[in-house]
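K.L.:
My questions are about this predicted structure, shown below with the sequence.
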Amino acid sequence: MMPQGSLEAALILSYLDVIMSIPWWQKTEDNEDLKNVEDILNEDHYGLDTPKKRIVEYLAVKKLTGNLKSPILCFYGPPGTGKTSLGKSIARALGRKFFKCSLGGISDEAEIRGHRRTYVGSLPGRIIQGMRKVGVSNPVFLLDEVDKLASSYKGDPASALLEVLDPEQNFIFNDNYVEEPYDLSDVLFICTANYLENIPGPLRDRLELIQLNSYTEIEKKHIAFEHLIKKQIELNGLKEENVSFTEKAIEYILHYYTREAGVRDLERKIASCLRKVAVAIVKDPKITHVEIDEKKVREYLGVEIFDYSKKEKQKQIGVITGLAYTEFGGDILPIEVTYFKGKGGLVLTGKLGDVMKESATIALDYVKANAEKYKIDPSIFAENDIHIHVPEGAVPKDGPSAGVAMTLAIISALAKEPVSPDIALTGEVTLRGNALPIGGLREKSLAATRSGIKEIIVPKDNKKDVSELPKEVKKALKIHYMSNVEDAYKIVFGRE
């Protein structure tokens, strides 16, 4: 009954259009053949056993119960480890529609909950818009980068997500635009994040957290040969008979051109090599096959960018190898100690954070208190300054896992005891000399293997983590356990 030019008529029309296009009951059938689902997940991704098992468990329970409030899975881990592509793979395995919603930088609550219809240009929120696009009420809905949500004067989107991601209340999700309760309980929500600390507590409480670790070198090689090379050959207009990589070439790229936890940079370097091959083939059509080896990699990618840390060559006094956990995975960390005439001061260099400075102070005080036990003349401390340096000087370092290594480096320097370069250790020290457990053992042990270390010493409380280390690491490393500094002393210096 309204005149055609009326604004109200257009608003009502677009509202009805949204209401009609939201899927209220349409669904896709899930592929409940567990064997088939496992095959698809294995075909798309190498490794990642925990997430794959979790998806198969979800399907098995769903098949037995007939219905299941979908769990809210959250994959977290370093960039490039396959969190987003695993979401796509799950959708393909289940035979469900897939929708990806990127949340990075969103600071407006209305992006999640929708705008009220009284505003000009009002729209439903991202959740309802996603449901409209896929056209079914049970898609796999990927909420990418939940740790990058921001809050501003426009509200807190992370709190708005609580209603979406809580299985107890998301069957009556209320969008401000639609103003009708909408059932999200059949949607399989998957969140991804890099840092758990950045996800607000109440939101994290509603998520089932699954960690995606950084890949081992052997896993990266498998991923390169099974997935990345084939994908990039196709993307660069080549055929598989035109080009091949040797295993040594991929190892060379991993060691000297990439330093990361995932495989993104590896893929970029492979693509870079293939583009050079494409240029050669276009210039000279007689070339039918190019084999890329170490020499070719160096020619294509130029000067080596990284030099992965190598262990020391021979036994040295006052130098011990620690193990570090970085955002790129693990690395080895030489710790150097020297002393010289002075007034009993402690000098720390190497851009150390507060926690590491405290570790150094505790280490020195422990050695002072137990000097005679380790055959050190107590007068050394009053007449000399002690300098602890952790190269490289420009790289910031922090974390509570270098205490025992620093303690032994000080003992080595002051007692003039040489340390074998084949041993590395990790663990935090207390004033009583006890070794406290550490995190990131997988990455640290991989770094030790890569650098040619033969033995590592870890705190006794980390025994449970050793069982989860990759097979190749356990085979390459002899792992010792310590309860305190004395245990480590016996192993490193080979004496009581």
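P.N.:
Arrived safely, thanks for sending. This one's a predicted model, so the numbers in the text were calculated from it and none came from an experiment. Residues are numbered from 1 along each chain as shown.
K.L.:
helix, strand or coil for residue 249?
P.N.:
What DSSP: H, G, I helix; E, B strand; the rest coil gives for residue 249 is helix.
K.L.:
Tally up the residues packed near it, please.
P.N.:
22 (other Cβ atoms under 10 Å). Placement of C-beta: from N, CA and C, glycine included.
K.L.:
what about residue 188, how many neighbours?
P.N.:
24.
K.L.:
Could I get the contacting residues of it?
P.N.:
Residues near residue 188 by Cβ atoms under 8 Å, 6 or more residues apart in numbering: 58, 70-71, 73, 90, 94, 96, 138-141.
K.L.:
If we use 10 Å, what do you get?
P.N.:
By Cβ atoms under 10 Å, 6 or more residues apart in numbering, the contact list for residue 188 reads 30, 55, 58, 62, 68, 70-73, 87, 90-91, 94, 96, 98, 138-142.
K.L.:
Can you select the buried ones from these in ChimeraX?
P.N.:
Provided next is the ChimeraX selection string for whichever of the contacts of residue 188 are buried by 16 or more other Cβ atoms under 10 Å:
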select :30,55,58,62,68,70,71,72,73,87,90,91,94,96,98,138,139,140,141,142
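K.L.:
Which of the contacts of residue 188 fall in helices?
P.N.:
Here DSSP state H is the test, and the contacts of residue 188 give 55, 58, 62, 87, 90-91, 94 as lying in helices.
K.L.:
Considering the residues you listed, which is situated nearest to residue 42?
P.N.:
Among the ones in helices among the contacts of residue 188, residue 55 lies closest to residue 42 (Cβ to Cβ), at 11.5 Å.
K.L.:
I'd like to know how far the residue nearest to that closest one when sequence neighbours are not counted sits from residue 210.
P.N.:
In this structure, residue 55 finds its nearest non-sequential neighbour in residue 90, 5.6 Å apart by Cβ to Cβ, 6 or more residues apart in numbering. Computed as Cβ to Cβ, to the nearest Å, the residue 90 to residue 210 distance reads 11 Å.
K.L.:
what residues are shared contacts of these two?
P.N.:
51, 54-55, 73, 190.
K.L.:
Redo those residues as CSV? Include distance to residue 303 and pLDDT.
P.N.:
Formatted as CSV, the shared contacts of residue 90 and residue 210 follow (distance: Cβ to Cβ, whole Å; pLDDT from 0 to 100):
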residue, distance to residue 303, pLDDT
51, 38, 83
54, 43, 85
55, 43, 81
73, 42, 88
190, 41, 92
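K.L.:
Just flag the most distant two among those residues.
P.N.:
54 and 190 (10.7 Å).
K.L.:
Any regions of the protein where pLDDT drops low?
P.N.:
Within the chain, the set of residues satisfying pLDDT under 70 comprises 68, 308-310, 327-329, 394, 495-496.
K.L.:
Check the offset of the top strand by length along it from the chain's centre.
P.N.:
When the chain is parsed with DSSP state E, its longest strand is strand 329-341. Using Cα atoms, centre = their mean, to the nearest Å, the mean C-alpha position of strand 329-341 is found 26 Å from that of the whole chain.
K.L.:
Direction included, what does it pair against?
P.N.:
strand 319-326 (antiparallel), strand 384-389 (antiparallel) (DSSP bridges).
K.L.:
Now for the residue nearest to residue 488 when sequence neighbours are not counted, how many residues are close by?
P.N.:
Distance criterion Cβ to Cβ, 6+ apart; nearest residue to residue 488, sequence neighbours excluded, is residue 482 at 4.5 Å. Other residues lying near residue 482 total 22 when counted by other Cβ under 10 Å.
K.L.:
Contacts only, for residue 482.
P.N.:
So residue 482 contacts 404, 425, 427, 434-435, 457-460, 462, 488-492 (Cβ under 10 Å, 6+ apart).
K.L.:
Which positions within the lengthiest helix in the chain qualify as buried?
P.N.:
Criterion DSSP H: the longest helix present in the chain is helix 264-283. Residues of helix 264-283 classed as buried: 265-267, 269-278, 281 (neighbour count, 16+ other Cβ under 10 Å).
K.L.:
Relative to the whole chain's centre, how far out is that helix?
P.N.:
27 Å.
K.L.:
what do you get for stretch 307-316?
P.N.:
Taking mean C-alpha positions (Cα atoms, centre = their mean), stretch 307-316 and its chain are 27 Å apart.
K.L.:
What is the end-to-end distance of it?
P.N.:
22 Å (Cα to Cα, to the nearest Å).
K.L.:
What lies in contact with it?
P.N.:
217, 254-256, 258-259, 319-321, 324, 330-334, 336, 391-392, 412-413, 417-424, 447-448, 450-454.
K.L.:
picking up where we left off before, need the strands paired with strand 329-341 in JSON lines (columns: mean neighbour count).
P.N.:
Formatted as JSON lines, the strands paired with strand 329-341 follow (neighbours: other Cβ atoms under 10 Å):
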{"stretch": "strand 319-326", "mean neighbour count": "24"}
{"stretch": "strand 384-389", "mean neighbour count": "20"}
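K.L.:
Out of the ones you listed, which is closest to residue 5?
P.N.:
strand 319-326 (63.6 Å).
K.L.:
Dump the closest one to CSV, restricted to CA.
P.N.:
C-alpha atoms of strand 319-326 as CSV (Å, rounded to 0.1, in the frame of the first residue of the first chain):
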residue,chain,number,x,y,z
VAL,A,319,81.2,-22.2,26.3
ILE,A,320,78.2,-24.4,26.6
THR,A,321,75.3,-25.1,24.1
GLY,A,322,71.8,-24.2,25.3
LEU,A,323,68.6,-24.9,23.4
ALA,A,324,66.2,-22.1,22.5
TYR,A,325,62.5,-22.0,21.4
THR,A,326,61.8,-19.3,18.8
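K.L.:
Pull the distance from that strand to the chain's centre.
P.N.:
20 Å.
K.L.:
swap in stretch 429-442?
P.N.:
Using Cα atoms, centre = their mean, the offset of stretch 429-442 from its chain centre is 22 Å.
K.L.:
now do stretch 365-379
P.N.:
So, by Cα atoms, centre = their mean, the centroid of stretch 365-379 is 41 Å from its chain's centroid.
K.L.:
who's in contact with that stretch?
P.N.:
Contacts of stretch 365-379 (Cβ under 10 Å, 6+ apart): 344, 346, 380-383, 386, 403-404, 406-417, 429-434, 484-486, 489, 493.
K.L.:
Could you do stretch 285-295 as well?
P.N.:
Counting by Cβ under 10 Å, 6+ apart, 229, 238-239, 241-253, 256, 270, 273-274, 276-278, 280-281, 296, 299-300 sit against stretch 285-295.
K.L.:
ok, back up a step: now list the buried members of the contacts of residue 482.
P.N.:
For the contacts of residue 482, buried by 16+ other Cβ under 10 Å: 404, 425, 427, 434-435, 457-459, 462, 488-489, 491-492.
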